[in-house]
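J.: Provided below are the primary sequence and the corresponding predicted coordinates.
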Amino acid sequence: MTSTTATAREVAPFRLFGLIVLRTRRLGPSILRVTLGGPGAEGFSGGGRDQSLSILLPGPGTSEAVAPAGGSGARHGEGRALPEDERAVTRSYAVRAQRLRADGSTEVDLDFVLHDTGGPGCRWAMAATPGDRLTVLGPAAADNAAVRFRPPADTDWVLIRADETALPAAAAALEWLPAGMPARVWLEVPRTEDRQALNTAAKARISWLVRNEGAACGVETVRAAELPEGTPYVWIAGEASGVRALRHHLVQERGFDRERVTSTAYWRRGLPEEQAREAEAEAGA
């Protein structure tokens, strides 16, 4: 008798998914939730926490986003190979939640920040209605490089600071934290009604910094705060200058281990995402 062992098929960490808008819901004056699903969501496998994906929107003068051939590969590289007048406009968003329903179908929630002079992602979300289609470059393997919230095993407490663009990721990370984990959390939002009820089993002290109530920014508030003893893990996300300033304070002034501080610029004031990516790459170089 000859025994054989099946070789597991390698799964690319990211691939294209053709999703359908199932419903939309306003969470506050500044935030709109779009729930996506449909048969094209099969195989979507996010890692939770601050899992991100890229949405592909039609370019100027086109009615449909042109997806790269092959359906997988580098997150942005294949799209850049297309002619500029055919290239989809890409925007990155955190996955607020992923749910497996009783019938086996998958739903994915994306939360969009709304602005009067919003960009293509904001405009798409405000016009979205059930049945609309959206192509996303998303995770097909839960353990993927787009999940950055990774507290080391010896973490005694967690510090989270996010503005409204990073609120979905911060909320998902709070849901993921183990029961009883001490956490100090600062969340900046534009308006009082943008505050949300957050679910967490962690021992979290959550402070809402509401700009139309005159709240100080997260950097100033954290600088003035008395922080817990023990070994921390820090996750900071939002506008680039605030992220850099808070990271500098924690590492240079508080003496935190830089390897335990995860900081991500979700946007840069005055720059669209493409230019912000280029500026961050130049700064890194």
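T.: Structure's in. What do you need?
J.: what does the helix or strand containing L32 contact?
T.: In this assignment (DSSP states H and E), L32 forms part of strand 31-37. Here strand 31-37 makes contact (CB atoms under 8 Å, 6 or more residues apart in numbering) with 19-27, 96, 105-114, 125-126, 128, 134, 136, 164, 167, 194. For the C-beta atoms, the positions are set from N, CA and C on the backbone; glycine is no exception.
J.: filter these down to the buried ones.
T.: Neighbour counting with 16 or more other CB atoms under 10 Å marks 19-22, 24, 27, 96, 106-114, 125, 128, 134, 136, 164, 167, 194 as buried within those.
J.: which element follows the strand holding L32 toward the C-terminus?
T.: strand 52-57.
J.: tell me the contacts of I160?
T.: Contacts of I160 (CB under 8 Å, 6+ apart): 170, 173-174, 183-187, 234-236.
J.: one more time with 10 Å
T.: 149, 166, 169-171, 173-174, 177, 183-187, 202, 204, 206, 233-237 (CB atoms under 10 Å, 6 or more residues apart in numbering).
J.: equivalent analysis for A225, please.
T.: Per CB under 10 Å, 6+ apart, neighbours of A225: 159, 184, 186, 205, 207.
J.: got a ChimeraX select line for the buried ones in those?
T.: Burial among these is assessed by 16+ other CB under 10 Å; the matching ChimeraX selection reads:
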select :159,184,186
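J.: next, the angle from the strand holding L32 to strand 52-57.
T.: Relative orientation of strand 31-37 and strand 52-57, computed by axes from the mean of the first three to the mean of the last three CA atoms, to 10 degrees: 90 degrees.
J.: now strand 31-37, how far from the chain's geometric center?
T.: 13 Å (CA atoms, centre = their mean, to the nearest Å).
J.: next, the buried residues of stretch 245-258.
T.: In stretch 245-258, residues buried by neighbour count (16+ other CB under 10 Å) are 245-247, 250-251, 256.
J.: let's see which of the residues you listed end up in helices.
T.: Using DSSP state H, the members of the buried residues of stretch 245-258 that fall in helices are 245-247.
J.: now distance to T262 and pLDDT too, for the residues you listed, in JSON lines please.
T.: JSON lines is the format used below for those (distance: CB to CB, whole Å; pLDDT from 0 to 100):
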{"residue": "A245", "distance to T262": "16", "pLDDT": "96"}
{"residue": "L246", "distance to T262": "12", "pLDDT": "97"}
{"residue": "R247", "distance to T262": "9", "pLDDT": "97"}
